[in-house]
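> Structure for this input, please:
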Amino acid sequence: MKKAYIVAFAILLGLMLVLVGCTKEEISDNQQETEDIDEIIEPVEGGTLNISVTRFNTLNPLYNQNYSIYQLHNTVYESLISFNEKMEVEPLLAKSWVISPDGQTVDLQIREDVKWHDGRSLTVDDVIFTIDLIKGNIKDVKKNTIYTSNLQSLVSVMEVDSSTVRVTFAKPLSNALEVLTFPIIPKHQFTNEELANISTNSFKMIGTGPFKLEKHESTRVLELVRNENYWKSKPYIERIRAVIVPDEPAQLSLFENKDVDIAQPNSIDWAKYLDDKSVNLYEYTSNSFEFLGFNFKNNLLGDVNLRKAIAYGIDRHKLVSDIYLGHGTVANIPINPASWLYDESSMPIGNDTALAIQLLEENYSNTNASGIRVNGGGTPLRFKLLLNSDNSLRERQGHFIKEELKKIGIEVDIVSLEWEKYQNDLKSGNYDLALGGWELSFIPDLSFAVHSSRIGDTNFIYYSNQYMDELLQSADGAPNRTKKLEAYHDLQQHYLEELPYITLFFKDSSVLVRNNIRGSIAPNPFNTFYKIEEWFIVE
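Down below sits the predicted model:
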């Protein structure tokens with residue numbers, strides 16, 4: 001049985017962090033069974049890969065916020081640096097780099113064998129122009145790109161020589177390489193007239209990738225043809241045809257009607273696809289995770305032993321199995337378990353009812369008439385659990401947790417609200433426990449959730465811990481990759497000692513591909529079409 005692991009693309013191109021309410025339910029399971037011995041087929045040239053995209057506002061990869069167009073852009077544009085399946089950085093248009101000892105400056109060597117689709121050579125000027133555009137330094141272009149916030153601490157970019165560009169940050173930045181994963185666009189493409197269309201549908205797609213735009217019929221279709229001069233290797237597939245549809249359900253309908261070759265299921269009930277022998281399913285752990293948050297304005301929840309008792313009292317594996325049909329990956333910390341930063345040696349938080357009861361016995365050994373544990377002053381362990389009603393799976397999670405905690409003497413009252421009211425109560429602290437979800441950025445940083453400076457904003461649990469703040473700052477300012485890994489080890493250990501949130505699980509997701517599409521099909525965090533130049537079509 002084959003199994004493909006990738007990491008899902010996060011909302012807003014995986015670069016923005018958002019609280020997840022009622023979203024497309026991402027799923028995972030083993031790839032459907034194939035023969036014990038796979039047939040070895042030599043790659044063949046030719047054929048058309050049929051895909052779909054949803055309606056979009058711009059073809060400029062720096063402004064686009066459409067997920068399906070982002071994926072298509074991955075076949076047309078390339079970045080200086082990209083990610084592999086472990087979210088480690090890897091070279092792309094930059095063949096190498098040198099980070100200064102203080103972690104504040106990066107010198108990048110640009111490949112000299114790369115040409116744009118119009119035949120012009122990639123230059124350092126293209127890189128500088130793209131960064132200036134993102135930073136808002138191009139005259140007459142005022143609109144922020146989707147990457148602008150990621151480059152806030154980048155203070156200068158300059159040419160060192162004809163193949164070297166230097167970027168400098170205002171302070172040491174452990175994510176200096178991660179923030180350089182934006183698409184590069186050609187400077188020579190933009191005259192003053194063309195700058196006016198820089199964020200519109202009239203934008204001309206000219207990249208360095210394995211496919212180039214041949215035809216665009218507005219609201220109907222985009223057609224790409226292979227780049228015969230691609231700097232890696234010429235793709236086997238001759239054409240990509242992307243039909244434009246209204247929404248995600250329409251994309252899945254096209255796949256079920258065999259009109260397109262690739263789709264992503266939007267429900268956890270995908271078993272029907274396993275009966276279709278013409279389809280292969282590739283699973284991955286997404287960056288979307290579910291959590292249980294504690295409101296630290298509630299003095300009872302300031303007791304770390306109580307928080308740990310709640311964690312040990314919930315069987316998260318059973319939760320994933322019963323509610324998500326096994327399509328989730330249990331993790332102890334809000335870092336994707338596939339990431340190189342995830343600490344496998346971190347203290348585990350497993351289901352242990354006996355230990356949960358032991359932790360509660362010291363301060364809550366007595367019970368009231370309802371069997372709920374009380375402290376010495378008679379205050380019961382009864383908490384209001386906030387969740388959003390427009391997510392049926394999250395409601396089921398809430399009832400599951402209610403039953404689990406009842407076993408250890410904790411009463412939970414579920415408060416299920418519509419999304420807007422849920423968000424308001426969350427931000428105002430009108431809850432004790434809260435179920436929610438985050439879509440993590442591919443640029444690692446946990447400050448949004450637990451740094452004291454974010455209280456009243458994304459730190460809606462009102463958590464404040466000076467040592468945690470210091471560890472977060474150390475992780476952010478690590479001068480090299482070794483120091484970064486060490487800093488994240490310390491951060492994760494302290495996180496588990498404090499347990500400000502319980503990370504329930506990361507959602508799994510999947511990609512459906514017709515089995516006549518062969519080759520190195522291995523989508524990665526950024527790219528459903530990873531190594532598409534090695535894919536081929538069997539008739």
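> I'd like the average pLDDT over the longest strand seen in the chain.
Ranked by residue count under DSSP state E, the longest strand found in the chain is strand 279-294. Average pLDDT, strand 279-294: 91.
> Phi, psi for residue 454 please.
phi -100, psi 10 (degrees, to the nearest 10).
> Could you check how far it is from residue 437?
Per CB to CB, to the nearest Å, residue 454 is found 18 Å from residue 437. Bear in mind the C-beta positions are built from the backbone N, C-alpha and C, glycine included.
> Please say which of those two ends up with more neighbours.
residue 437 (21 against 16; other CB atoms under 10 Å).
> That one bridge partners, please.
As for beta bridges, residue 437 partners with residue 20, residue 290 under DSSP bridges.
> pretty sure it is touching residue 289, no?
Yes. Counting by CB atoms under 8 Å, residue 289 is a contact partner of residue 437 at 6.5 Å.
> Which residue, other than its chain neighbours, is closest to residue 92?
Of all residues not flanking residue 92 in the chain, residue 82 sits nearest, at 4.6 Å (CB to CB, 6 or more residues apart in numbering).
> now for the helix or strand where the one you found lies, which elements pack on it?
Using DSSP states H and E, residue 82 sits in strand 81-83. Strand 81-83 is packed against strand 89-91, with contacts defined by 3 or more CB pairs under 8 Å, 6 or more residues apart in numbering; DSSP states H and E.
> Kindly recompute the last result at 10 Å.
Strand 81-83 sits against strand 89-91, strand 94-99, with contacts defined as 3 or more CB pairs under 10 Å, 6 or more residues apart in numbering; DSSP states H and E.
> Now mean neighbour count, distance to residue 421 and mean pLDDT too, for the ones you listed, in TSV please.
Output for these, formatted as TSV (neighbours: other CB atoms under 10 Å; distance: least, CB to CB, whole Å; pLDDT from 0 to 100):
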stretch	mean neighbour count	distance to residue 421	mean pLDDT
strand 89-91	15	41	95
strand 94-99	16	47	97
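> Nearest to residue 191, out of those?
Closest approach to residue 191 among the helices and strands packed on strand 81-83 (CB to CB): strand 94-99, 27.1 Å.
> Going C-terminal from that closest one, what's the next secondary structure element?
Counting by DSSP H and E, what follows strand 94-99 is strand 105-110.
> neighbouring contacts of that following strand?
80-81, 91, 93-100, 122-124, 126-127, 154, 156-157, 159-169, 172-173, 176-177, 179-180, 184 (CB atoms under 10 Å, 6 or more residues apart in numbering).
> Which strands border it, and is each parallel or antiparallel?
By DSSP bridges, strand 105-110 pairs with strand 94-99 (antiparallel), strand 164-169 (antiparallel).
> didn't residue 455 look like it was pressed against residue 469?
No. Assessed by CB atoms under 10 Å, residue 455 is found out of contact with residue 469, at 11.0 Å.
> which one's the longest helix in this protein?
helix 481-498 (DSSP state H).
> State the next helix or strand along the chain beyond that one.
strand 501-514.
> Any chance you could list what contacts the helix or strand just after that next one?
The element immediately downstream of strand 501-514 (helix or strand, assigned by DSSP H and E) is strand 517-518. Residues outside strand 517-518 that contact it (CB under 10 Å, 6+ apart): 38-39, 41-44, 47, 49-50, 236-237, 261-262, 280, 532, 534-538.
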